[in-house]
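Student: Sequence and predicted structure below; questions after.
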Amino acid sequence: MARHDESTERRNGLFDEADLNDEEDWPVAPAPSWLSDIDDTYGEPADPTYNEPADTADGEPAEDPFVDTQRIPSFDLGPHTESVVVDLTSAASPRTDEVIEVIEPLPAYDPPLSQYPPADMPVEPTIPEPDPLLPRHAAAPPATHVPITPREPRPAWDIPPVPDGLDQTGAESLTAASVLRTVRAKPQSGWRKRILRVSGGRINFGPSPADRHRADLLARARTPVRGSHRVAVISLKGGVGKTTTTAALGSMFADLRGDRVIAVDANPDRGTLSERVTRESGATIRHLLEARDRVIRYGDVRAFTSQSSTRLEVLASDSDPSASLALSEQDYIDTLDTLERFYNLVLTDCGTGLLHDAMRGVLGLASSLVVVSSASLDGARSASATLDWLEAHGLQELARNAVVVISSVRPGGGIVDVMQLEDHFASRCREVVTIPYDPHLEAGSALFLDELQEETLEAYLELAAAVGEGFALTPSSR
């Protein structure tokens with residue numbers, strides 16, 4: 001018994017493709033190894049008395065009576081069908097008790113070279129099926145790195161600009177700049193203000209340099225927001241004042257601006273942002289997610305937030321110790337999608353880990369970043385490592401436009417050269433702001449701006465101006 005198919009003949013050099021076109025001439029199978037001692041006729045041993053038949057009159061060879069039995073027909077019924085070769089040339093009569101050995105199926109049919117694709121044609125890579133014989137606990141191949149890419153902003157509305165009256169001839173040409181007399185700005189502090197008051201407003205020396213600087217900070221902090229803006233406050237190290245920075249910055253924006261501001265606690269490990277305001281609602285971000293389909297008006301979402309005296313609203317994190325589901329990336333995306341219908345500014349107090357699932361949503365949706373560092377060596381290294389991580393994961397633009405906050409958590413500032421830290425971060429980010437130590441911030445309770453020292457309040461105004469200036473650098477999200 002022998003196995004025969006076209007692939008075997010091709011490899012042995014016995015296959016002729018021209019035979020495929022001859023329906024009446026089947027290819028002759030090669031001699032089995034066990035017939036090596038038998039004559040080439042594949043029949044009985046050579047008989048010296050046998051004479052080959054002579055040619056016919058027309059020159060064609062006479063038909064050999066043994067030809068039909070010398071040829072072994074083979075039928076290929078497909079790549080998944082067993083091919084069986086039957087030897088009909090044996091001199092002995094067939095034995096009915098002989099067991100025929102069944103050969104395993106051959107590999108799939110190997111097509112001619114002409115059917116193969118050209119060498120320059122791209123071939124889709126195939127993923128091999130896992131070997132069932134390998135142990136299930138075998139080490140998996142290393143996962144490919146997927147960088148975090150910021151989502152594309154939503155297109156802005158097609159709204160015409162405000163008419164300036166320069167090219168107008170009708171009523172639009174009458175503006176305050178062209179009709180009203182210029183009034184000199186009044187001083188807001190110092191001896192200039194006292195002289196203006198004593199003189200009954202007749203002597204006006206104008207605002208002082210400090211007044212002009214403060215007016216510039218207020219203008220930058222009040223930069224208009226087209227749509228909504230998302231500010232993520234992040235740090236790799238805990239205890240550096242990240243939550244305090246979120247609450248103070250949000251309070252400054254809510255106090256200075258006319259639009260709605262909300263701070264979201266996205267810390268997966270029991271965040272404390274809700275403790276920086278007077279708690280008005282026991283709801284958390286998880287409750288808002290469960291009811292987001294029923295939140296239609298601003299009054300609906302207001303039931304899930306707590307509001308401070310500066311109008312800053314806070315959405316608390318899930319602090320239930322029995323909760324088993326952490327905030328995921330999709331949860332954060334759904335939360336932002338709900339809040340942006342009612343708020344122009346959304347601040348996010350992030351956790352210390354940059355690898356948990358929610359951080360992909362935070363960084364992917366962030367319009368700008370605030371990186372918080374303490375006035376210490378380990379805190380500065382952690383903040384700088386945060387920038388390294390952002391640059392290594394495809395967020396170079398966010399890292400370059402970030403604002404770094406150096407928070408002094410100890411009185412006196414310690415032995416660290418804060419100016420060296422400011423120079424280091426100024427070379428890597430858009431702006432650096434140092435917050436001095438304040439006893440009111442050290443308490444860790446509800447934050448009130450009127451309880452802060454004048455120097456601390458001025459520092460947070462500079463922070464609001466630095467972050468607000470970025471509103472004009474990023475496109476609208478709606």
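Tutor: That came through fine. Residues are numbered from 1 along each chain as shown.
Student: Just list the residues touching Arg430, thanks.
Tutor: Each residue near Arg430 by C-beta atoms under 8 Å, 6 or more residues apart in numbering is listed here: Arg400, Asn401, Ala402, Val403, Ala466, Gly470. Heads up, the C-betas are built off the backbone N, CA and C, glycines and all.
Student: So which of those is surrounded by the most neighbours?
Tutor: Ranked by neighbour count (other C-beta atoms under 10 Å), the contacts of Arg430 have Ala402 at the top, with 28 neighbours.
Student: so what's the backbone phi/psi at it?
Tutor: phi -70, psi 160 (degrees, to the nearest 10).
Student: Mind telling me the two of the contacts of Arg430 farthest from one another?
Tutor: Arg400 and Ala466 (14.0 Å; C-beta to C-beta).
Student: Next secondary structure after the helix or strand hosting Arg381?
Tutor: Assessed by DSSP states H and E, Arg381 sits inside helix 377-392. Following helix 377-392 in sequence order, the next helix or strand is helix 396-400 (DSSP H and E).
Student: Break this protein into its domains for me.
Tutor: If you go by automatic domain parsing, the domain ranges for the chain are 1-45+59-91+100-114, 186-221, 226-472.
Student: hang on, the earlier thing: looking at the contacts of Arg430, which one is closest to Asp357?
Tutor: Once C-beta to C-beta is applied, the member of these that ends up nearest Asp357 is Ala402, at 22.2 Å.
Student: Alpha carbons of the helix holding Arg381, in PDB - could you do that?
Tutor: Extracted C-alpha coordinates of helix 377-392, given in PDB (Å, rounded to 0.1, in the frame of the first residue of the first chain):
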ATOM      1  CA  LEU A 377      13.700  67.400  46.700                       C
ATOM      2  CA  ASP A 378      11.500  64.300  46.400                       C
ATOM      3  CA  GLY A 379       8.400  66.300  45.500                       C
ATOM      4  CA  ALA A 380      10.300  68.100  42.700                       C
ATOM      5  CA  ARG A 381      11.700  64.900  41.400                       C
ATOM      6  CA  SER A 382       8.200  63.400  41.300                       C
ATOM      7  CA  ALA A 383       6.800  66.400  39.500                       C
ATOM      8  CA  SER A 384       9.600  66.300  37.000                       C
ATOM      9  CA  ALA A 385       9.000  62.500  36.500                       C
ATOM     10  CA  THR A 386       5.400  63.300  35.800                       C
ATOM     11  CA  LEU A 387       6.500  65.500  32.900                       C
ATOM     12  CA  ASP A 388       8.800  62.800  31.700                       C
ATOM     13  CA  TRP A 389       5.900  60.300  31.800                       C
ATOM     14  CA  LEU A 390       3.700  62.600  29.800                       C
ATOM     15  CA  GLU A 391       6.400  63.200  27.100                       C
ATOM     16  CA  ALA A 392       7.000  59.400  26.900                       C
END
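Student: if we can go back for a sec, please tabulate the domains of the chain in a markdown table and include mean pLDDT and distance to Glu172 as additional columns.
Tutor: Output for these, formatted as a markdown table (pLDDT from 0 to 100; distance: least, C-beta to C-beta, whole Å):
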| stretch | mean pLDDT | distance to Glu172 |
| --- | --- | --- |
| domain 1-45+59-91+100-114 | 51 | 78 |
| domain 186-221 | 90 | 26 |
| domain 226-472 | 89 | 23 |
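Student: so where do the strands sit in the stretch 301-450 of the chain?
Tutor: Along the stretch 301-450 of the chain, counting by DSSP state E, counting those that start in this stretch, strands occupy 306-307, 313-315, 345-349, 368-374, 403-407, 431-435.
Student: Tell me which strands the fourth one pairs with, and in which orientation.
Tutor: Sheet pairing of strand 368-374 (DSSP bridges) gives strand 229-234 (parallel), strand 403-407 (parallel).
Student: how near is Gly361 to Leu217?
Tutor: Applying C-beta to C-beta, to the nearest Å, the value for Gly361 to Leu217 is 32 Å.
Student: Looking at these two, which has the bigger crowd around it?
Tutor: Remark: of Gly361 and Leu217, Gly361 carries more neighbours, 23 against 20, as counted by other C-beta under 10 Å.
Student: can you pull the contacts of the more buried one?
Tutor: Neighbouring residues of Gly361 by C-beta under 8 Å, 6+ apart: Ser328, Glu329, Gln330, Asp331, Tyr332, Ile333, Leu336.
Student: Neighbour-wise, give me the winner out of those residues.
Tutor: With neighbours taken as other C-beta under 10 Å, the top of the contacts of Gly361 is Tyr332, carrying 24 neighbours.
Student: Hmm, that one is touching Leu363, no?
Tutor: No: with contact defined as C-beta atoms under 8 Å, Tyr332 does not count as touching Leu363 (10.2 Å).
Student: tell me which residues form a beta bridge with Glu431?
Tutor: Beta bridges link Glu431 to Val403, judged by DSSP bridges.
Student: wait, what's in contact with it?
Tutor: Val403, Val404, Ala466, Glu469.
Student: now, which of those residues sits nearest Ser374?
Tutor: Nearest member of these to Ser374, counting by C-beta to C-beta, is Val404, at 11.6 Å.
Student: Now that closest one: closest residue in space that isn't a chain neighbour?
Tutor: Spatial nearest neighbour of Val404, chain neighbours left out: Phe425 (4.2 Å); criterion: C-beta to C-beta, 6 or more residues apart in numbering.
Student: Roughly how far does the one you found sit from Glu458?
Tutor: Noted for Phe425: a distance of 20 Å to Glu458, by C-beta to C-beta.
Student: Which residue of those two possesses the greater neighbour count?
Tutor: Comparing Phe425 with Glu458 by other C-beta under 10 Å, the one with more neighbours is Phe425, at 23 against 16.
Student: I'd say that one and Gly379 touch.
Tutor: No: in this structure Phe425 lies outside contact range of Gly379 using C-beta under 8 Å: 11.6 Å.
Student: Mutual contacts of these two, please.
Tutor: With contacts defined as C-beta under 8 Å, 6+ apart, the residues shared by Phe425 and Gly379 are Ser373.
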